[in-house]
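> predicted model follows, preceded by the sequence.
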Amino acid sequence: MQKMDDKLAFAARLRQALKRSPKKIETAADLAVQFSLRHSGTAISTQSAHKWLTGRSRPTPDKLKTLSTWLNVSPSWLLYGTPDRPKAAIRLQEPVPITPTPEELQIIEKIRSLPESRRLLVQEIIEICQLDPEVWRDK
């Protein structure tokens, strides 16, 4: 049986992937319709989509594959939060000292001048963008 934390984490990743989707999905009904248009098997109900979005259940493997293809993410990331790449490819590297360009220094100053809530928003955007090479598939 799946732990509730696993289901909630899946729901959070699903919502994140949906936000990144070109077709904006705002409700469980939207998700059910758009998913069912793409899935070759049985359509899902609004209730099933709602359960996915709220962390009450996770999709079956065939539905997970459809979701990951549609949302352009790896199935392992969507389900477990891990990038879909071989472990041998992961290497620890020494950090390389970075000298900021004048443009980067200007950006840093602008970020520092923002109120804390906006700085946190910028940080979240940067973290999402950093996931791209690890999680989001290239088109």
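It's in.
> point out where the protein drops to low pLDDT.
For the chain, applying pLDDT under 70 flags the ranges 1-4, 84-93, 130-139.
> same thing but at 50, please
Scanning the chain for pLDDT under 50 picks out 1, 89, 139.
> other residues contacting the one helix or strand Leu37 maps to?
Taking DSSP states H and E as the criterion, Leu37 maps to helix 28-38. Here helix 28-38 makes contact (CB atoms under 8 Å, 6 or more residues apart in numbering) with 18, 23-25, 43-50, 52-53, 63, 66-67, 69-70. In short, each C-beta sits where N, CA and C put it, glycine included.
> swap in 7 Å and give it another go.
For helix 28-38, the external contacting residues (CB atoms under 7 Å, 6 or more residues apart in numbering) are 23, 25, 43-46, 48-50, 53, 66-67, 70.
> got a quick ChimeraX command for the buried subset of these?
Buried residues within the contacts of helix 28-38, by 16 or more other CB atoms under 10 Å, are selected in ChimeraX with:
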select :25,44,48,49,50,53,66,67,70
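> closest one of the contacts of helix 28-38 to Glu103?
Set against Glu103, the nearest of these by CB to CB is Lys23 (33.9 Å).
> grab the nearest non-local neighbour of that closest one.
Once flanking residues are discounted, Lys23 sits nearest to Gln34: 6.1 Å by CB to CB, 6 or more residues apart in numbering.
> do the same with Arg119
Ile111 (6.0 Å).
> does that neighbour really touch Leu121, like I thought?
No. With contacts counted by CB atoms under 7 Å, Ile111 stays clear of Leu121, the gap being 10.3 Å.
> farthest residue from the center of this structure?
Relative to the centre of the chain, the most outlying C-alpha is that of Pro102, 32.0 Å out, by CA atoms, centre = their mean.
> please tell me how far that one sits from Ile108.
From Pro102 across to Ile108, the span is 11 Å (CB to CB, to the nearest Å).
> Glu94 too?
Going from Glu94 to Ile108 by CB to CB gives 23 Å.
> more crowded one of those two?
Ranked by neighbour count (other CB atoms under 10 Å), Glu94 and Ile108 place Ile108 first, with 11 against 5.
> nothing else from me, thank you.
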